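Colleague: Quick one, fold the following:
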Amino acid sequence: MREVGHVRWISGPVVKARLDVPLGLLEQVWVGAERLAGEVIASSRDEATVQVYEETTGLRPGEPLWSEGRPLVVELGPGLLGQTFDGIQRPLDRLLRDSSYGIERGATAEPLPRRSWPFEPRAEAGADLGSGALLGVVQETPLLEHRVLVPPDAGGRLLWITAAGDVDRDAPIARLQTPDGAAVRELTLVQRWPVRQPRPVRGRLDADRPLVTGQRVLDTFFPLAVGGAAALPGPFGAGKTVLQHSLAKGCDAQVIVYVGCGERGNEMAQVLAEFPALTDPASGRPLLERTILIANTSNMPVAAREASLFTGVAMAEYYRDMGYHVALMADSTSRWAEALREIAGRLEEMPAEEGYPAYLPSRLASFYERAGVVETLSGRTGSVTIIGAVSPPAGDVTEPVTQHTQRFTRALWSLSRDLASARHYPAIGWESSYSFYADAVAAWWEAEGGEGWTELRRAAAQVLEQDARLEQMVRLVGSEALPDRQRWVLEAARLVKEGYLRQNALHAVDAACPPRKQVALLKLFVRLYELGRDLIDNGVPLVRVRAAIDVGRLLRLKESVPNDDVSAIQAAQTELERALTGLHTVDRPRRGAGPHDAAEGPP
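Modeller: Got it, this is the predicted structure:
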């Protein structure tokens, strides 16, 4: 580390320094006697503008500026899983352990634990290895095998590789001779990578498999493909954070990266307290064994929010390159955009919409475009799926962050204040949400979830659309004034909402619903609507159709039927069809009989 200049101007997290030597854009620096972490965001021959990732109170002009001559990087290697970092990858648990109160300014700690790992080589000396080739494996946690790869910027003939056994994180594990034979490079278990630079891949693949979230309203009506990007906007109190937690626990990604960006400190503290206690449904092991947490709360330095999203996605890409499917949850990108706005204001940049900087869309794009299904440098298939929560002020989805986010995502999961007020969770508004991935993942659902998924989805959506059109009429004249056919639409839509779309995130069975159970439940409610509609069209009064249905039992199926056994749902459908078909036989109008006669008969 070298001294490169002195501080001359300070405005909150923005510092200007007079330089003795030029600095590169996005170069990482340390500011002042306490060596506060920062990053160069503007540079000329003799002056640099730095955004500081820590509180600058007490910093004085004239204090020194240091640099290592490299950009902001993350350390990547065994030991990432199960840890909690701040926005610039400082391990919060170790910082707190070494501090008397809170996190002291200028505090540093190595991101990865200094320990040895059981390394098993998977390459042989003399082999020619390209970038991303497999060197060996480390069992990082009981849930995940960590694949040690040749870094993206390396490759050549493998001269030596260590034998199987415990290896210290900084000890050499292999030596590569460069292709031109001019140099030999030693490799360790640890890599370093610039957070703002996407890791290279061999190519991008089509996103044609769904990320199964376990949330019926999402998987059925607004599916997200593995490697896709979704926006989750909603007003305060609509359930964004709870839904993000449910997705992290219930989705079928192999690695979870959860970024708490600018959220309230007590809310993030609850996340940090709850996550270690969560159990992975697939294995029964602690969920934290395949999770990385990044916490940068609203009471922490604002500038670090700007880096936290890129820190998270860099870690996600690292596990993607091993051939894993990674889901990144960002909560929320609105707070991240507010950090951009504050820094831009202190730099006296020309504001655009609502005071946000003109480069807001390009920064959002640079984050969301790092989602995707890829063929890695070693030929494996991996993916990063991004779900970004948005917190529009007063729930106004026309504000810039929400509008620009929709340009770069193909799924919108819009949370409804009315549904949340009615205690309908998840409060996904089926009228304002959409997904452009449905056609791409339909073949998977037909094969894995059950044949007929596409048609069932269409039929259920039509019931909800008819219900939405009738609601205005009901407000004016009341439901009793409607004919039986329209009243049955209202009744069937209520059953779909209560028995299918509503889901209890705290219920042991209903918290996450697997694909086959989803399709079986959906088929039950669609079939119920069709049978009732046909009966009413044939003259059977609505009151008798209602009397033949055990509504309470149908609404309890989602919780009472185990997730791995849908036979009870199929049996309920068979009983329902038998009861309604019998009603049709008894109440079929006689030839020549009037409508009142058709309603007569045994109850």
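
Colleague: Can you verify my assumption that residue 18 contacts residue 44?
Modeller: No - counting by C-beta atoms under 8 Å, residue 18 sits too far from residue 44 to count as a contact (10.5 Å). For the C-beta atoms, the positions are set from N, CA and C on the backbone; glycine is no exception.

Colleague: Of those two, which one has the most company?
Modeller: Higher neighbour count among residue 18 and residue 44: residue 18, with 16 against 10, using other C-beta atoms under 10 Å.

Colleague: So the more buried one belongs to a strand, correct?
Modeller: Yes - assessed with DSSP: H, G, I helix; E, B strand; the rest coil, residue 18 lies in a strand.

Colleague: Grab the nearest non-local neighbour of it.
Modeller: Excluding its sequence neighbours, the residue lying closest to residue 18 (C-beta to C-beta, 6 or more residues apart in numbering) is residue 8, at 5.0 Å.

Colleague: Can you give the distance from the strand or helix carrying that neighbour to the centre of its chain?
Modeller: Element membership of residue 8 [criterion: DSSP states H and E] is strand 2-11. Here strand 2-11 is found 38 Å from its chain centre; the criterion is C-alpha atoms, centre = their mean, to the nearest Å.

Colleague: Buried ones in that strand, by neighbour count?
Modeller: For strand 2-11, burial by neighbour count (16 or more other C-beta atoms under 10 Å) applies to 4, 5, 7, 10.

Colleague: Also stretch 109-118?
Modeller: Residues of stretch 109-118 classed as buried by neighbour count (16+ other C-beta under 10 Å): 109, 111, 112, 117.

Colleague: May I have the distance across that stretch, first residue to last?
Modeller: With C-alpha to C-alpha, to the nearest Å as the measure, stretch 109-118 spans 23 Å from end to end.

Colleague: After the host helix or strand of residue 470, which helix or strand is next?
Modeller: Element membership of residue 470 [criterion: DSSP H and E] is helix 453-477. Downstream of helix 453-477, the first helix or strand assigned by DSSP H and E is helix 484-496.

Colleague: Check which helices and strands that following helix is in contact with.
Modeller: Other elements packing on helix 484-496 under the criterion 3 or more C-beta pairs under 8 Å, 6 or more residues apart in numbering; DSSP states H and E are helix 453-477, helix 515-537, helix 542-547, helix 551-560.

Colleague: Could you point out which of those sits nearest residue 406?
Modeller: Of all the helices and strands packed on helix 484-496, helix 453-477 sits nearest to residue 406, with 20.5 Å by C-beta to C-beta.

Colleague: circling back to that earlier point, out of the buried residues of stretch 109-118, which sit inside strands?
Modeller: In strands, defined here by DSSP state E, the members of those are residue 117.

Colleague: Which of the buried residues of stretch 109-118 sits closest to residue 246?
Modeller: Ranked by distance to residue 246 (C-beta to C-beta), the buried residues of stretch 109-118 are led by residue 111 at 28.4 Å.

Colleague: Return the distance of that closest one relative to residue 337.
Modeller: 26 Å (C-beta to C-beta, to the nearest Å).

Colleague: and what of residue 66?
Modeller: Going from residue 66 to residue 337 by C-beta to C-beta gives 30 Å.

Colleague: Between the two, which has more neighbouring residues?
Modeller: The neighbour count for residue 66 versus residue 337, taken as other C-beta under 10 Å, is higher for residue 337 (28 against 16).

Colleague: contacting residues around that one?
Modeller: Neighbouring residues of residue 337 by C-beta atoms under 8 Å, 6 or more residues apart in numbering: 356, 360, 364, 400, 401.

Colleague: can you pick the most crowded of those residues?
Modeller: That'd be residue 401 among the contacts of residue 337, by other C-beta under 10 Å, with 30 neighbours.

Colleague: next SSE after the strand or helix carrying that residue?
Modeller: Using DSSP H and E, the element containing residue 401 is helix 400-408. Note on helix 400-408: by DSSP H and E, the next helix or strand toward the C-terminus is strand 411-412.

Colleague: what comes up buried for the helix or strand immediately after that next one in the chain?
Modeller: Using DSSP H and E, the helix or strand that follows strand 411-412 towards the C-terminus is helix 417-421. By neighbour count with 16+ other C-beta under 10 Å, helix 417-421 contains the buried residues 417, 419, 420.
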